[in-house]
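A.B. asks: quick check, what structure comes out for this input:
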Amino acid sequence: MDQNIVRCAWCTNDEIYQKYHDLEWGRPLHDDNRLFEMLILEGMQAGLSWLTILKKREAFRKAFDNFDIEKIIKYDDCKMDALMQNKDIIRNRLKIQSVKQNAICFKKVQSMHGSFDAFIWNYVGNNQIVNSWDKISSIPASTNLSDKISKDMKKLGFKFIGSTIIYAFMQAIGMVNDHTTDCFLYNKIDIDGTSKK
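C.D. replies: The predicted structure follows:
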């Protein structure tokens, strides 16, 4: 990763962080499997640093069958206990239990809306919200929209989806582009998730 370019202030010199910032954060994401992964990882991050989650990402993928909701829905008590013993992931029982619950709810949303992608992106009319924050301290932790999405998803049975988690999820999947104006990616991410020339 290029150390000489200006990135958002939250992005440290850690290569994992920089790669995530440069190639994923703020880029529109529409694949249901990836959307489920990001939803789960954002929930796992509650009370922890995002870098901690990124460093464990491959371990999460392995532990949760690549976030395959059909497999996760069938997890039994034996599997859940095994996950609690897995030292490579976050061993929080409520968070681990929420993965199965959220898989069930995710599938329900897919059956209701055709895809989770259609459901979640409808909140922004399928158009990315592009903000223009000049410094990281200006970026909100939550918004009225993340409040609404959180409440709606709670009604559907989802867990670990408070407004702050949902706003971070919105940023992660590109529903919101919150790259600060001094960042080299500001105004350079197109709606399909690629970098503009």
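
A.B. asks: the residue minimising distance to the centre of the chain is in what secondary structure piece?
C.D. replies: Nearest residue to the geometric centre of the chain (Cα atoms, centre = their mean): residue 38, 3.2 Å. Per DSSP states H and E: residue 38 is located in helix 32-45.

A.B. asks: A strand includes residue 5, no?
C.D. replies: No. Residue 5 is assigned coil when assessed by DSSP: H, G, I helix; E, B strand; the rest coil, not a strand.

A.B. asks: so who does residue 170 touch?
C.D. replies: 145, 146, 149, 176 (Cβ atoms under 8 Å, 6 or more residues apart in numbering). Glycine gets a C-beta too; all of them are placed from N, C-alpha and C.

A.B. asks: with residue 91 instead?
C.D. replies: 83, 84, 85.

A.B. asks: can you check the pLDDT for it?
C.D. replies: Looking at residue 91, its pLDDT stands at 95.

A.B. asks: how close does it sit to residue 82?
C.D. replies: 11 Å (Cβ to Cβ, to the nearest Å).

A.B. asks: wouldn't residue 128 be in contact with residue 174 here?
C.D. replies: Yes. Under the criterion of Cβ atoms under 8 Å, residue 128 makes contact with residue 174 at 5.8 Å.

A.B. asks: quickly list what's touching both of the two.
C.D. replies: Joint contacts of residue 128 and residue 174 (Cβ under 8 Å, 6+ apart) are 28, 189.
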